[in-house]
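>>> generate coordinates for the sequence data below:
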Amino acid sequence: MKQKKYNAVISCGGLGTRLNKISKDIPKPLFPINGQSTLERCIAELNKYEIKNVLISLRYKKDYFINFINKLKGKYGVNIDTFIEEKPLGECGVLWKVKEDLSDEFFFINGDLIFSIDFKRLIQFHSRLSSNLTLVTHTSDHPEDSDLVSVPNGSLIEKIFLKSSPNVKEKNAYLGNAGICIINKDLLNKINAPKETIVSSVFHHIVKNAFALGINVFSYNTTEYIKDMGTPKRFNKVKEDLLSNKVNLKNYKNQQKALFLDRDNTIIECEMGKYILEENEIIFLDDKINSIRNIAKDYDLVCIVTNQPSISMGKLSIEKLESINSKIIKYCLSKGLKIDVITFCPHHPHKGFEKEISILKKDCFCRKPNPGLILEQAFLRNINLGKSLMIGDSENDLKASEQSGCKFINVNSL
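Model (predicted):
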C-alpha cells in the first residue's frame, strides 16, 4: 500500500549547544521538561488535530531518537518516519530531499518549541487567503535577536528583517517568527534547495527567496503559547508555564480574557484634534503604562484598538503607522507591558481633506464608538468579552466597550 504523504515535518537535527548546561548529552527535543520531552509534546499536539503523518529530520545523536520515536508511534497511533542527514542540510534542506513524499500543504515545525495552538484556525487562515506560505508570528519579547516581519495591514508580510542583520535593533517591526509555518509544496519547485555548504533556516532561505520572487507570504499573528526552550533562561520559563497550565490555557480552543487599550492619551500623549504622524512626536505616559502593566497580569492578551482617521485623510500611510506602533510596542515591552496585538480603524466619515483617500471615507462599523474592532478580535481569538476589560480616556472608548460587552475603566482614574 502506498505510504500516505507527510503533513508535518519536524526539524530535530540541531546541536542544541545553548542548553548543554542543563541537557548534558541528551538532544534538546528529547530532554524532559516536567516529565515529558519537547518532541513528545509536539507529537501530542499534532495528534489532537489528526495530523498523523510526520517526518522528523535527524542528524546530531540520531541514535538517541530511534527507540524513543518507536514508542511515540505506539502511544499516539501516529505514523512517524525519520530522515537521517548524512551531511548538515540546515533547518529546511530536508524538504527538497523528500519533496515527492510531502502533502500539497504541510506544517514545518522547529523541534525545540513548546507550544499549544489551535491548528484548525491556522489552517482556515491559510486556506482563506490562498496562501503559499504562512508564518506563525507573535509579538517578540526579545526583538533585538529575533527574525522580524513587517505586516502593515495585519496579514500580508511587506518586509522581513533577519536577526543576523547588524541594524535589526533599529528596524520598526515587532512581530517575530515563531518557528511554525504552513508551506505549499509547489513553493519548493519555485525555490532552489539551499546549498549543502550553507546552513539555512526556513526564514533565511524559503521566506527570503519567496520575497525575491514576489510571492505573497502571510503572517498568522497569534497570542497562543509558543516558546523556544533552547536557552537555560527560556527553559526555566517554559517549565514554570507548564506547571501553571499557562501553555494549554492560551490555546484558542479555550476562551481568552483580553485587556483592550486605547492608544492616544492612554499610552501616549496626543492633543485633541491633532494626530501623531512621526515617531519623534511620541510622548509616552509612563505613569499610565506602569498602572496598565499591573492590570495586564490578570489577562491572557493585550490588544490596542485605535481610531486612525489620518489615514483616510491622506496624512498618514499604513506603513508609517506601523513604524509608529512598533516604537510604542517596543517601549512598552521595555517597561514590562507586552502588547500582543494592535488593530486600527483607518476610516473617517467626513470629506474635504486635501489628500484624502475617497474609498476610506465612510461610516464604518470599526470606528469607535462602534464595537467592530473589539468584536473582530473576539471572533479571531475566541475572547470572552464579558470577562474582558477596556481602558481608555474618552466617551467613544466607553461606548465601544459597552456595545461589545466589555467592562470599562477610564485611564485617568488609575
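
>>> got the CA positions of the helix or strand in which Ser127 is found in CSV?
Assigned by DSSP states H and E, Ser127 falls within helix 119-128. C-alpha atoms of helix 119-128 as CSV (Å, rounded to 0.1, in the frame of the first residue of the first chain):
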residue,chain,number,x,y,z
PHE,A,119,-4.2,24.3,14.3
LYS,A,120,-7.8,24.3,12.9
ARG,A,121,-7.8,28.2,13.0
LEU,A,122,-4.4,28.3,11.4
ILE,A,123,-5.4,26.1,8.6
GLN,A,124,-8.6,28.1,8.0
PHE,A,125,-6.5,31.3,7.8
HIS,A,126,-4.0,29.8,5.3
SER,A,127,-6.8,28.4,3.1
ARG,A,128,-8.9,31.6,3.2
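
>>> buried residues in that helix?
Using 16 or more other Cβ atoms under 10 Å as the test for burial, helix 119-128 gives Phe119, Arg121, Leu122, Ile123, Phe125, His126. Any C-beta I mention is one placed from the backbone N, CA and C, and that applies to glycine too.

>>> got a list of contacts for it?
Residues outside helix 119-128 that contact it (Cβ atoms under 8 Å, 6 or more residues apart in numbering) are 45-46, 48-49, 51, 105, 107, 131, 134, 136, 182, 218, 220, 222, 252.

>>> do that again at 6 Å, thanks
Residues from elsewhere that reach helix 119-128 (Cβ atoms under 6 Å, 6 or more residues apart in numbering): Tyr49, Thr134, Ile182, Tyr220, Tyr252.

>>> give me the contacts around the helix or strand that it is followed by.
Proceeding N to C from helix 119-128, the next assigned helix or strand is strand 133-139, under DSSP H and E. With contact meaning Cβ under 6 Å, 6+ apart, strand 133-139 is reached by 126, 149, 174-175, 177-178, 180-183, 187, 210, 217-222, 340.

>>> average pLDDT for the helix holding Ser127?
Taken as a whole, helix 119-128 has an average pLDDT of 97.

>>> now do it against strand 133-139, angle only.
Here helix 119-128 points in a direction 130 degrees away from that of strand 133-139 (axes from the mean of the first three to the mean of the last three Cα atoms, to 10 degrees).

>>> show me where pLDDT drops low in this structure?
The chain contains residues with pLDDT under 70 at 1-3, 13-24, 166-170, 196-199.

>>> got the domain ranges for it?
According to automatic domain parsing, the chain comprises the domains 6-239, 255-413.

>>> make CSV from those and add distance to Asn248 to it.
Shown next, in CSV, are the domains of the chain (distance: least, Cβ to Cβ, whole Å):
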stretch, distance to Asn248
domain 6-239, 5
domain 255-413, 12
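
>>> hang on, the earlier thing: and of the buried residues of helix 119-128, the nearest to His142?
Leu122 (23.1 Å; Cβ to Cβ).

>>> only alpha carbons, please: show the longest helix along the chain as CSV.
Criterion DSSP state H: the longest helix present in the chain is helix 318-334. Output of helix 318-334 as CSV, limited to C-alpha atoms (Å, rounded to 0.1, in the frame of the first residue of the first chain):
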residue,chain,number,x,y,z
ILE,A,318,-0.3,52.5,6.9
GLU,A,319,3.4,51.8,6.7
LYS,A,320,4.2,54.9,8.8
LEU,A,321,1.5,53.9,11.3
GLU,A,322,3.2,50.5,11.7
SER,A,323,6.5,52.2,12.3
ILE,A,324,4.9,54.4,15.0
ASN,A,325,3.2,51.5,16.6
SER,A,326,6.4,49.4,16.5
LYS,A,327,8.1,52.1,18.6
ILE,A,328,5.2,52.1,21.0
ILE,A,329,5.2,48.3,21.4
LYS,A,330,9.0,48.1,22.0
TYR,A,331,8.9,50.9,24.5
CYS,A,332,6.0,49.3,26.4
LEU,A,333,7.9,46.0,26.4
SER,A,334,10.9,47.7,28.0
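
>>> next, the angle strand 133-139 makes with that helix.
Put simply, helix 318-334 runs at 40 degrees to strand 133-139, going by the same axes, to 10 degrees.

>>> what's the next secondary structure element after helix 318-334?
Next along the chain after helix 318-334, with elements defined by DSSP H and E, is strand 341-345.

>>> what is that next one packed up against?
Under the contact definition 3 or more Cβ pairs under 6 Å, 6 or more residues apart in numbering; DSSP states H and E, strand 341-345 sits against strand 301-307.

>>> got the CA coordinates for the strand it packs on in CSV?
Only the C-alpha atoms of strand 301-307 are listed here, as CSV (Å, rounded to 0.1, in the frame of the first residue of the first chain):
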residue,chain,number,x,y,z
LEU,A,301,-3.7,39.0,26.0
VAL,A,302,-3.3,42.8,25.5
CYS,A,303,-4.8,44.5,22.4
ILE,A,304,-4.6,48.1,21.4
VAL,A,305,-7.8,49.3,19.5
THR,A,306,-7.3,52.7,18.0
ASN,A,307,-9.1,55.1,15.5
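
>>> so which residues make contact with it?
Under Cβ under 6 Å, 6+ apart, the answer for strand 301-307 is 223, 256, 258-261, 263, 296, 339-345, 367-368, 373-374, 377.

>>> now the strands: where do they sit in the stretch 151-300 of the chain?
Taking DSSP state E, counting those that start in this stretch as the test, the strands found in the stretch 151-300 of the chain are 159-161, 175-184, 218-221, 225-228, 258-261.

>>> buried residues in the shortest one?
What it means is strand 159-161. Buried-residue list, strand 159-161, by 16+ other Cβ under 10 Å: Ile160, Phe161.

>>> tell me what it is packed against?
On a contact count with 3+ Cβ pairs under 6 Å, 6+ apart, strand 159-161 meets strand 148-150.

>>> strand partners (parallel or antiparallel) of the strand it packs on?
Take DSSP bridges as the rule and strand 148-150 pairs in its sheet with strand 159-161 (antiparallel), strand 175-184 (antiparallel).

>>> and that strand, how far out from the chain middle?
Between the centre of strand 148-150 and the centre of its chain there are 10 Å (Cα atoms, centre = their mean, to the nearest Å).
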